[in-house]
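Enquirer: Return atomic coordinates for the entry below.
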Amino acid sequence: MLERDDLDTSIAEGIITPEQAAAIRAKRAENDEPFKLVSNFGDVFLCIGLLFVYWSQSAFLLLADVPVLWVYVGFAVLFWLIAEFFVFSARRKFPAVVAIVLFVMSAHKIAGLWLGDISLTGIAFGYFAGIESEIRSVEHLAVVTAALFLALLRFRQPIIVLGLGLCATLLAFALAREHMAETPARMVLAGCGIAFLIVGFILDMRDRARTGIYHEWALWLFVLGSPLTVHPIFLGLIGEQLAATGTRSFNEFIRLDLEGLIWTVTALAAGFALLGLLLDRRSLVASTLLYLAAILTYATFRSGMGISTAAAIVPLTIGILVILLGVGWDHARAVLLRIVPFRSAFRPPIRYR
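Expert: Next up, the predicted model:
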């Protein structure tokens, strides 16, 4: 598949006409949510080398005459320079992204010398699980967010928005947790998720054919915004139900009559599925599947089946339905767009392009 730069070069050299290039781009855009991160195994090979370079960092820390700060700063500068080369000279996207990630990790290690050593995964898990920590997680998140923002300004790689948006959202959530209870603070996550979805929708409208760079920015915004929107809503519903009934264990929960919750979660999942079809973004559908599987497993169990049988049948059924929807996605969109008002506001189905 020709990249955009290859097409532009081919036009400049007279190999193809602008009209032919436009036809190639239109054909390429017929794939839903297209993006290309890895070009070939050469990209993977370069990333293996980058990981070995990062691995060597720990060995340098054992050298008695080399200060730890210098090691971290040196490797952060090294990975930044490597990212410069891959983005602007070699134009290798996947190695560039890996180099940027390793730069951010090295920058975080520098901050960890003053803020305390903790992984970003530990910070995220602690907040989502409600575990308090003495580590200054707000400062950690601020450092990583700033490093990712700096990388985004310089390198303009769309996938960076995935990490930047997540860290910025966690930072906002951490600040909210300092001033309000956990439940209302979780609405910050939903607010950020909805904001990402709105920006992604606007970008989609600017590139309805998805032949330009806007579609890739929109893709990562939807990948990030979908779970951030779905998670607080569904988890909040379940949490409120548990609090209202005073349930404290799984055995107590599965014996409750939660018919209202079953219908609510199912209706919300169906709503997100319809929205995903309208916007032509599968991430909105995928984000609801875990909650839908859990609540339908519970409903199947309540109908008289054993928990093992329910846990086997429901995921199988959902998996088959997801496969069928994935195969017939374009046809389903075409049918839906024929019956909804304001259909012109959405991306037309493939067969109409």
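Enquirer: distance of the residue lying closest to Val68 once chain neighbours are set aside from Pro67?
Expert: Spatial nearest neighbour of Val68, chain neighbours left out: Leu61 (6.0 Å); criterion: Cβ to Cβ, 6 or more residues apart in numbering. To be clear about C-beta, it is placed using only N, CA and C from the backbone, and glycine gets the same treatment. As for Leu61, its distance to Pro67 is 10 Å (criterion: Cβ to Cβ, to the nearest Å).
Enquirer: same deal with Leu81?
Expert: Taking Cβ to Cβ, one finds Leu81 at 21 Å from Pro67.
Enquirer: I'd like the average pLDDT over the helix or strand Trp55 falls within.
Expert: Per DSSP states H and E: Trp55 is located in helix 41-60. The average pLDDT for helix 41-60 rounds to 92.
Enquirer: Pull out the buried positions in it.
Expert: 43, 46-47, 50, 54, 57 (16 or more other Cβ atoms under 10 Å).
Enquirer: and if you look at stretch 308-325?
Expert: If you call a residue buried by 16+ other Cβ under 10 Å, then stretch 308-325 has these buried ones: 310-311, 314, 318.
Enquirer: between those, which is closest to Ile160?
Expert: Ile318 (32.5 Å; Cβ to Cβ).
Enquirer: Mean confidence (pLDDT) on the lengthiest helix in the chain, please.
Expert: Determined from DSSP state H, the single longest helix within the chain is helix 214-245. Averaging pLDDT along helix 214-245 gives 83.
Enquirer: With stretch 69-86 instead?
Expert: In this model, stretch 69-86 has an average pLDDT of 95.
Enquirer: Surely Ile262 and Ala299 touch.
Expert: Yes. Using Cβ atoms under 8 Å as the test, Ile262 is close enough to Ala299 to be in contact (4.9 Å).
Enquirer: neighbour-wise, which of these two wins?
Expert: Ala299 (19 against 15; other Cβ atoms under 10 Å).
Enquirer: From Thr288, how far off is that one?
Expert: Noted for Ala299: a distance of 15 Å to Thr288, by Cβ to Cβ.
Enquirer: same question, Asp43
Expert: 33 Å.
Enquirer: low-scoring stretches of the stretch 151-300 of the chain, by residue?
Expert: Scanning the stretch 151-300 of the chain for pLDDT under 70 picks out the ranges 239, 241-258.
Enquirer: Can you list the residue ranges for helices in it?
Expert: 160-177, 182-206, 214-245, 250-254, 259-279, 283-286, 289-302 (DSSP state H, counting those that start in this stretch).
Enquirer: what's the angle between the second one and helix 160-177?
Expert: Taking axes from the mean of the first three to the mean of the last three Cα atoms, to 10 degrees, one finds helix 182-206 and helix 160-177 inclined to each other by 150 degrees.
Enquirer: Begin at 454, not 1, for the rest of this chat.
Expert: Sure thing, new numbering starts at 454, so read that last one as helix 635-659.
Enquirer: which secondary structure elements does helix 635-659 contact?
Expert: Other elements packing on helix 635-659 under the criterion 3 or more Cβ pairs under 8 Å, 6 or more residues apart in numbering; DSSP states H and E are helix 613-630, helix 667-698.
Enquirer: Please apply the same query to the shortest one.
Expert: Contact partners of helix 736-739 among helices and strands, from 3+ Cβ pairs under 8 Å, 6+ apart: helix 667-698, helix 712-732.
Enquirer: most neighbours per residue, which of these?
Expert: The highest mean neighbour count among the helices and strands packed on helix 736-739, using mean count of other Cβ atoms under 10 Å, belongs to helix 667-698: a mean of 20.
Enquirer: what's the angle between the host helix or strand of Ala764 and helix 742-755?
Expert: Using DSSP H and E, Ala764 sits in helix 760-780. In terms of direction (the same axes, to 10 degrees), helix 760-780 departs from helix 742-755 by 140 degrees.
Enquirer: Find the residue closest to Ala529 in space, skipping its chain neighbours.
Expert: Using Cβ to Cβ, 6+ apart, the nearest residue to Ala529 is Ser559, at 3.8 Å.
Enquirer: Done for today, thanks.
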